[in-house]
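Novice: What follows is a predicted structure for the sequence shown.
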Amino acid sequence: QVQLVESGGGLVQAGDSLRLSCAASGSTLSSFAMGWFRQAPGKEREFVAGVDWSGLSPSYADSVKGRFTISRDNAKNRVFLQMNSLKPEDTATYYCAASQAKYFATRTRDLYDYWGQGTQVTVSS
């Protein structure tokens with residue numbers, strides 16, 4: 001069992017940057033692959049970025065590739081999402097998730113076992 005708490009969301013202007021953080025407790029983070037998903041009102045929750053247990057194999061949605069960077073600090077039980085060059089279409093609630101399939105940065109929502117409560121990111125034009 002692992003508990004996940006996201007932080008770092010907020011209201012920014014287009015072109016700005018934000019850094020989301022996900023703090024894990026209850027289990028060792030290195031036991032999990034980690035991912036970030038987002039959900040805008042009226043839309044499905046979609047994959048944003050994922051990383052395997054080691055942090056060496058990240059994966060990104062095409063819509064954020066080159067702008068977002070996922071990283072992790074297993075010693076501190078934290079995962080981060082650095083978001084640069086934000087666009088209004090990035091507006092959503094962002095969720096951190098943990099998958100027991102630790103060797104893969106899976107993009108499949110159903111393969112994630114634990115979820116945080118989400119943090120809101122709003123990008124104004």
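Specialist: Good, I have the coordinates.
Novice: Show me the contact partners of stretch 95-114.
Specialist: With contact meaning C-beta atoms under 8 Å, 6 or more residues apart in numbering, stretch 95-114 is reached by 1-6, 20, 22, 24, 29-39, 45, 47, 50-53, 57-59, 61, 79, 115-118. From N, CA and C alone the C-beta is placed, and that goes for glycine too.
Novice: Sorry, wrong one. I was asking about stretch 43-56.
Specialist: By C-beta under 8 Å, 6+ apart, the list of residues contacting stretch 43-56 from outside reads 30-39, 57-61, 64, 68-72, 74, 79, 81, 92, 94-95, 99, 102-109.
Novice: and those, which are buried?
Specialist: Judged by neighbour count, with 16 or more other C-beta atoms under 10 Å as the criterion, the buried members of the contacts of stretch 43-56 are 32-38, 58-61, 64, 68-70, 72, 74, 79, 81, 92, 94-95, 99, 102, 104-107, 109.
Novice: Give me the most central residue, the protein.
Specialist: In the chain, the C-alpha nearest the mean C-alpha coordinate belongs to residue 36, at 2.2 Å (C-alpha atoms, centre = their mean).
Novice: Within the helices and strands, which one has that residue?
Specialist: When elements are defined using DSSP states H and E, residue 36 is found to belong to strand 33-39.
Novice: What pairs with that strand, parallel or antiparallel?
Specialist: Under the criterion DSSP bridges, strand 33-39 sits next to strand 46-51 (antiparallel), strand 92-99 (antiparallel) in its sheet.
Novice: From the chain's centre, how far out is the shortest one? Work that out for me.
Specialist: Its chain's average C-alpha position is 6 Å from that of strand 46-51, according to C-alpha atoms, centre = their mean, to the nearest Å.
Novice: and it, what's its mean pLDDT?
Specialist: For strand 46-51, mean pLDDT is 98.
Novice: Are there helices or strands packed against the following helix or strand past that strand, and which ones?
Specialist: Beyond strand 46-51 in the direction of the C-terminus, DSSP H and E gives the next helix or strand as strand 58-60. Counting contacts by 3 or more C-beta pairs under 8 Å, 6 or more residues apart in numbering; DSSP states H and E, strand 58-60 is packed against strand 46-51, strand 68-73.
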